[in-house]
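S.K.: Fold the stuff below for me.
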Amino acid sequence: MIADPVLLTRPPATARDGRIVAVASGKGGVGKTWFAITLAHALARAGRRVLLFDGDLGLANVDIQLGLVPAHDLAGVVAGRRSLAASVVHHQGGFDILAGRSGSGALSALDDAALDAVLAALRDAARAYDHVVLDLGAGIERATRRLSGAADLLLVLATEEPTSLTDAYAVLKLHLADASAGEARVVVNQASTPAAGERTYATLARACASFLGHTPKLAGIIRRDDRVRDAIRRQTLLLQRHPNAPAAGDVERVVAGLA
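M.R.: Presented below is the predicted three-dimensional model:
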């Protein structure tokens, strides 16, 4: 069912900027966008003012996963046709969304000036919220690295697949090489069991310690859960459709650890 988005007027700016939490992965197919959406919803349920910022400049799909057809998106903000506040939509789950440009790679080749406009919009958004959840594009492209560098916290998703671990390591390596970048933590998604998730994290942590001289913390383990697939297929929120699902509780534990 397609939801009808409602245009939102941005709340008054606060004295303290909100925390920007970026969600990244080295490769697609690891559940990054689903996790960003569910994280934003869990933060909203915990009483935080949250903006979900679709920063996947190559293949935005937050709106598709949620069944939204927004009238405005990030492209209009970058082009200067519309302010960020006038482009945001409110989701009935209690959080706000700045959609990307679904079905188009037009934003993936932005020049430096346009990327600066995206970063300015991101920082401006942070003034009105407790948290901005930034869904990054998969991979290590220049634009993705620029956006991740603006985050206070980078959550890097990995699964048990060897290619996912290799690509997550690449993301962490580049992030840690930037002395001005914020903290990075690991989220193991689609873990077959909690113990398997711990082993996956340990493998990645050992590689980081050995070759990068730094061990990123574990932000959480999300168990493989068929109810996640059901929620995505029905374009709805896991914490609404299946609030007692194991994966729902796992994401809520990640939120509890963000304080």
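S.K.: Could you check how far residue 37 is from residue 183?
M.R.: Taking CB to CB, to the nearest Å as the measure, residue 37 falls 22 Å from residue 183. In short, each C-beta sits where N, CA and C put it, glycine included.
S.K.: which of those two has more neighbours?
M.R.: Each of residue 37 and residue 183 had its neighbours counted (other CB atoms under 10 Å), and the higher figure belongs to residue 37 (28 against 14).
S.K.: Kindly confirm my reading that that one is in a helix.
M.R.: Yes - with the criterion set as DSSP: H, G, I helix; E, B strand; the rest coil, the secondary structure at residue 37 is a helix.
S.K.: That one is in contact with residue 52, isn't it?
M.R.: Yes - with contacts defined as CB atoms under 8 Å, residue 37 counts as touching residue 52 at a distance of 6.5 Å.
S.K.: got any residues that touch both of the two?
M.R.: Common neighbours of residue 37 and residue 52, counting by CB atoms under 8 Å, 6 or more residues apart in numbering, are 62, 135.
S.K.: And the helices in the stretch 101-250 of the chain?
M.R.: According to DSSP state H, counting those that start in this stretch, the stretch 101-250 of the chain carries its helices in the segments 112-126, 142-149, 162-177, 194-212, 226-233, 238-241, 246-256.
S.K.: okay, the ones you listed in a markdown table with mean pLDDT, mean neighbour count and distance to residue 26 next?
M.R.: Supplementary listing: the helices of the stretch 101-250 of the chain in a markdown table, determined by pLDDT from 0 to 100; neighbours: other CB atoms under 10 Å; distance: least, CB to CB, whole Å:
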| stretch | mean pLDDT | mean neighbour count | distance to residue 26 |
| --- | --- | --- | --- |
| helix 112-126 | 84 | 17 | 21 |
| helix 142-149 | 87 | 20 | 10 |
| helix 162-177 | 95 | 18 | 2 |
| helix 194-212 | 97 | 16 | 11 |
| helix 226-233 | 97 | 16 | 20 |
| helix 238-241 | 98 | 18 | 24 |
| helix 246-256 | 98 | 19 | 19 |
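S.K.: mind checking which of those is nearest residue 89?
M.R.: Between residue 89 and those, the shortest gap by CB to CB is with helix 112-126, which sits at 13.2 Å.
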